[in-house]
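A.B. asks: With the input below, show me the fold.
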Amino acid sequence: MKLKGIGRIEQHIEKIVLAVFAIIFLGVFVLQFDVLGDPNAVEISGRKVSPENAAAEIATKARQLQADLDSGRVPSEFPDEMPSAADFVRDQLDRSASDADKIVLGPSITPTGDVIKPIDSGSTGTGSGNDFIVPEVPAPANISAAVFEGSLHPLVIARTPEAAQFVGAEQPYDFAAVTVQGEFDAAAFRSMLRGTGNKGTPMPGDWTRSVELVDVVLVRERLTEDGDWVEPTEIAPMPGRYSARATLRDKKFVPANLPDLYKAIAENTQTIRRPAPYDMIMGAKWIWPALSEEVAAAMGGGGEVGRLLERKKRLQREMDDDTATLETLRERLANANDRQKESIQRQIETIETRMTANTDRMAELDEQLTTAGVDPQTGRLIDDPRDQVFEEAITPLMTRETETITVWGHDYTAKRGQTYRYAIRAVIMNPMFGHRDSLSEAQKPLADSPVLDSPDSEWSAAIEVPSETYLFVADAAPPRTGAVTGPAQASIEMYRFYYGYWRRAKVDATPGDAISASVTLANLATFEIIPPADDQPNAEPTLGEATPIEGSLNFASGDFLIDVADAPIAVFVSRNGRVVRLPIAAKDNPVQARLAASVEDGARAEPPKAD
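C.D. replies: Numbering: from 1, shown residues only. A predicted model of the protein is given here:
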């Protein structure tokens with residue numbers, strides 16, 4: 001029967017009340033018997049523990065921590081390296097403009113309530129907002145270059161077979177090479193990174209802190225006979241010396257490889273910046289190009305000191321000739337008749353008078369050389385810059401103490417008789433490498449390469465690598481006609497580089513003669529190379545028995561004397577099918593003076609030794 005005047009809720013009120021009580025009862029039941037978990041439970045080390053078990057859990061955790069402390073183990077949640085406040089301040093100084101008067105160490109609040117955070121040196125950025133400053137590597141400056149020659153130590157070839165390409169197949173391993181020097185402006189590079197004078201946001205400190213100079217690349221061009229510079233060539237690293245070039249140019253190099261690379265660079269910073277030349281067994285001491293220029297300036301560069309030394313050499317040769325002539329005249333005097341004795345005696349007196357005058361002149365030259373700071377006996381500077389040792393601290397590129405970094409490299413591939421010019425390129429680790437995801441879309445490609453190359457420096461002055469041999473006409477006479485006839489004659493000095501020094505021979509020739517001579521060199525030897533024993537594969541080879549070099553050094557040039565011309569006197573020789581005109585060498589010829597000095601150094605040098 002349908003009830004009139006009673007609503008639907010009123011009709012089912014008893015059911016609704018029963019349902020509400022059922023829900024309340026169920027909730028009390030769940031809470032009471034922990035069906036869904038203890039609402040009073042606490043979390044300890046990632047686990048929920050009821051209040052009555054919390055104390056025991058904490059005690060267990062404490063015993064575990066105490067055991068770790070007692071064992072000396074560092075908990076895994078501890079960082080490998082604690083942040084350094086000093087590093088943070090130093091980083092902020094490096095990133096701030098040079099005239100900054102304060103460093104923000106913590107957040108500040110503006111009058112409007114905005115929070116301004118300081119730059120976080122550990123931040124990886126978000127790639128949004130302003131782009132980071134794009135690194136630009138300055139080109140090296142103050143480029144100089146110098147040739148050096150010598151004879152490589154046999155153990156260099158034994159230990160580094162790749163270096164054999166620079167020398168002949170047999171000992172002595174003579175070579176001619178070029179050292180190129182420059183300066184990298186580290187302070188300017190750091191200033192650019194921290195934004196001085198640039199627009200953009202400086203990169204985070206942990207990106208730039210480990211940036212380092214990782215390679216020094218030499219670039220070379222050759223001068224042709226037409227006066228053109230050709231064949232731009234990048235000089236490969238020295239075999240047997242550490243270089244990161246191949247590693248950094250490997251397309252498989254990834255950011256995960258950086259820790260090992262940084263370790264290798266730190267261990268080889270000296271070799272990267274300023275590699276030592278290969279060891280020599282004989283030859284003039286190597287000096288860096290800037291010092292070579294200093295020595296040349298101190299020696300007058302072919303100026304007054306050079307002229308004094310040349311005059312001394314000529315005077316000494318004249319005195320030696322007079323001494324030999326006197327000995328001959330005195331022998332003739334002993335066997336001469338009375339009329340001959342009178343003539344011979346007059347000759348002797350004339351020569352003795354000249355020798356007395358020359359002795360006085362020699363003393364004057366020695367005094368002038370001493371005043372100029374040159375040892376008259378050796379021809380070397382009394383305070384010789386060549387005795388200096390290069391000193392420059394090996395400090396990281398990114399430290400404030402590093403203003404400039406002197407760099408150099410060696411070109412052992414230079415060919416004798418060629419003229420070159422050189423430039424230097426600096427290679428720096430790219431601070432954006434490995435942070436591609438933290439860069440804006442426009443800057444992401446900047447993170448592709450692990451290194452940044454500087455532009456090539458300015459070119460050095462032209463560098464002439466000495467030829468294999470040299471000929472200098474010391475004196476010559478055209479054919480004699482008239483009452484007394486005779487063929488043309490020429491006195492020629494020949495120079496050849498052998499066993500670390502230039503060697504000299506003299507020859508007198510007439511037309512049709514081959515221009516050749518030979519000299520005997522004493523106290524030179526080659527050495528046996530003793531390889532490591534089979535049971536010591538990691539040992540180094542050593543030098544064994546010395547074998548004296550016997551016979552004479554041949555100076556055959558392949559040239560022939562054709563004729564001697566008059567007014568001015570000049571010698572004509574046949575060279576490779578061509579006629580070449582050779583004037584009488586100037587008394588102050590700088591090339592001849594340098595070669596002659598090497599000859600004298602070689603005569604005084606200690607014999608090569610197996611040490």
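A.B. asks: for the longest helix along the chain, packing partners?
C.D. replies: The longest helix of the chain (DSSP state H) is helix 338-371. Here helix 338-371 touches helix 304-335, going by 3 or more CB pairs under 8 Å, 6 or more residues apart in numbering; DSSP states H and E. From N, CA and C alone the C-beta is placed, and that goes for glycine too.
A.B. asks: Now do the strands in the stretch 351-500 of the chain.
C.D. replies: Secondary structure of the stretch 351-500 of the chain (DSSP state E, counting those that start in this stretch): strands at 404-411, 419-429, 451-453, 463-464, 469-477, 489-498.
A.B. asks: Can you list the residue ranges for helices in the stretch 101-250 of the chain?
C.D. replies: Using DSSP state H, counting those that start in this stretch, the helices assigned to the stretch 101-250 of the chain run over residues 154-159, 186-193, 205-208, 245-249.
A.B. asks: just those: most buried one?
C.D. replies: Comparing the helices of the stretch 101-250 of the chain by mean neighbour count (mean count of other CB atoms under 10 Å), helix 205-208 ranks first with a mean of 21.
A.B. asks: and the helix or strand harbouring residue 579, average pLDDT?
C.D. replies: Element membership for residue 579, per DSSP states H and E: strand 578-583. In this model, strand 578-583 has a mean pLDDT of 88.
A.B. asks: That one vs strand 489-498, what angle?
C.D. replies: Taking axes from the mean of the first three to the mean of the last three CA atoms, to 10 degrees, strand 578-583 and strand 489-498 form an angle of 100 degrees between their directions.
A.B. asks: For strand 578-583, enumerate the helices and strands it packs against.
C.D. replies: strand 469-477, strand 570-575.
A.B. asks: Recalculate using a threshold of 6 Å.
C.D. replies: Contacts defined by 3 or more CB pairs under 6 Å, 6 or more residues apart in numbering; DSSP states H and E place strand 578-583 against strand 570-575.
A.B. asks: Tell me which helix or strand in this structure has the weakest average pLDDT.
C.D. replies: strand 115-116 (a mean of 38; mean pLDDT, DSSP states H and E).
A.B. asks: export stretch 181-201 as CSV, just CAs?
C.D. replies: The C-alpha trace of stretch 181-201 is given here as CSV (Å, rounded to 0.1, in the frame of the first residue of the first chain):
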residue,chain,number,x,y,z
GLN,A,181,108.6,29.3,-29.0
GLY,A,182,105.7,31.5,-28.0
GLU,A,183,103.6,32.8,-25.1
PHE,A,184,100.0,32.0,-24.2
ASP,A,185,98.1,34.8,-22.3
ALA,A,186,96.4,32.8,-19.5
ALA,A,187,95.2,35.9,-17.7
ALA,A,188,93.4,37.2,-20.8
PHE,A,189,91.7,33.8,-21.3
ARG,A,190,90.5,33.7,-17.6
SER,A,191,89.3,37.3,-17.9
MET,A,192,87.2,36.4,-21.0
LEU,A,193,85.7,33.4,-19.2
ARG,A,194,84.5,35.4,-16.2
GLY,A,195,82.8,37.9,-18.5
THR,A,196,85.1,40.9,-18.3
GLY,A,197,84.1,43.1,-21.3
ASN,A,198,81.8,40.4,-22.7
LYS,A,199,78.1,39.9,-22.7
GLY,A,200,76.6,36.7,-21.4
THR,A,201,76.5,34.6,-18.2
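A.B. asks: Show residues contacting the strand holding residue 579.
C.D. replies: Here strand 578-583 makes contact (CB atoms under 6 Å, 6 or more residues apart in numbering) with 473, 570, 571, 572, 573.
A.B. asks: Direction included, what does that strand pair against?
C.D. replies: The strands beside strand 578-583 in its sheet (DSSP bridges) come out as strand 570-575 (antiparallel).
A.B. asks: residues in contact with stretch 175-184?
C.D. replies: The contact list for stretch 175-184, computed with CB under 6 Å, 6+ apart, reads 140-149, 152, 166-167, 218, 288-290, 404-412, 414, 416, 422, 424, 426, 457, 463, 465-466.
A.B. asks: Got a PyMOL select line for the buried ones in those?
C.D. replies: Listed next is the PyMOL selection for buried residues among those, using 16 or more other CB atoms under 10 Å:
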select buried, resi 140+143+144+145+146+147+148+149+152+166+167+218+288+289+290+404+405+406+407+408+409+410+411+412+414+416+422+424+426+457+463+465+466
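A.B. asks: now the angle from the very next helix or strand once past the strand holding residue 579 to strand 489-498?
C.D. replies: Where DSSP H and E defines the elements, the next helix or strand beyond strand 578-583 is helix 590-604. Helix 590-604 runs at 60 degrees relative to strand 489-498, counting by the same axes, to 10 degrees.
A.B. asks: Would you mind writing the CA trace of helix 590-604 as CSV?
C.D. replies: In CSV, the C-alpha atoms belonging to helix 590-604 read as follows (Å, rounded to 0.1, in the frame of the first residue of the first chain):
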residue,chain,number,x,y,z
PRO,A,590,128.0,35.3,-40.7
VAL,A,591,127.3,31.8,-42.0
GLN,A,592,131.0,31.0,-42.4
ALA,A,593,131.7,32.5,-39.0
ARG,A,594,129.0,30.3,-37.4
LEU,A,595,130.3,27.2,-39.1
ALA,A,596,133.9,27.9,-38.2
ALA,A,597,132.9,28.4,-34.6
SER,A,598,131.2,25.0,-34.7
VAL,A,599,134.4,23.5,-36.1
GLU,A,600,136.4,24.8,-33.2
ASP,A,601,133.8,23.7,-30.6
GLY,A,602,133.9,20.2,-32.2
ALA,A,603,137.7,20.1,-31.9
ARG,A,604,137.4,20.9,-28.2
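A.B. asks: May I see the buried residues of that helix?
C.D. replies: 592, 593, 594, 595, 596, 597, 598, 601, 602.
A.B. asks: Rebuild the residues you listed as a markdown table, extending it with distance to residue 534 and pLDDT.
C.D. replies: What follows is the buried residues of helix 590-604, written out as a markdown table (distance: CB to CB, whole Å; pLDDT from 0 to 100):
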| residue | distance to residue 534 | pLDDT |
| --- | --- | --- |
| 592 | 52 | 89 |
| 593 | 52 | 85 |
| 594 | 48 | 88 |
| 595 | 47 | 92 |
| 596 | 50 | 89 |
| 597 | 47 | 86 |
| 598 | 43 | 92 |
| 601 | 42 | 89 |
| 602 | 40 | 93 |
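A.B. asks: Out of those, which comes closest to residue 352?
C.D. replies: residue 596 (28.2 Å; CB to CB).
A.B. asks: separation between that closest one and residue 464?
C.D. replies: 17 Å (CB to CB, to the nearest Å).
A.B. asks: can you check residue 500 too?
C.D. replies: From residue 500 over to residue 464 (counting by CB to CB), the distance is 20 Å.
A.B. asks: Among the strands of the stretch 351-500 of the chain, which one carries the weakest average confidence?
C.D. replies: strand 469-477 (a mean of 90).
A.B. asks: returning to that earlier point: now the strand holding residue 579, how far from the chain's geometric center?
C.D. replies: Its chain's C-alpha centre and that of strand 578-583 lie 41 Å apart, by CA atoms, centre = their mean, to the nearest Å.
A.B. asks: low-confidence ranges in the protein?
C.D. replies: Scanning the chain for pLDDT under 70 picks out the ranges 1-54, 56-57, 59-61, 63-130, 196-199, 298-303, 383-385, 482-484, 567.
A.B. asks: my guess is residue 283 meets residue 150, correct?
C.D. replies: Yes - between residue 283 and residue 150 there is a contact under CB atoms under 6 Å: 2.4 Å.
A.B. asks: Residues that sit against both of those two, list them.
C.D. replies: residue 500.
A.B. asks: hang on, residue 218 packs against residue 234?
C.D. replies: No - in this structure, residue 218 is not within contact of residue 234 by CB under 6 Å, at 7.4 Å.
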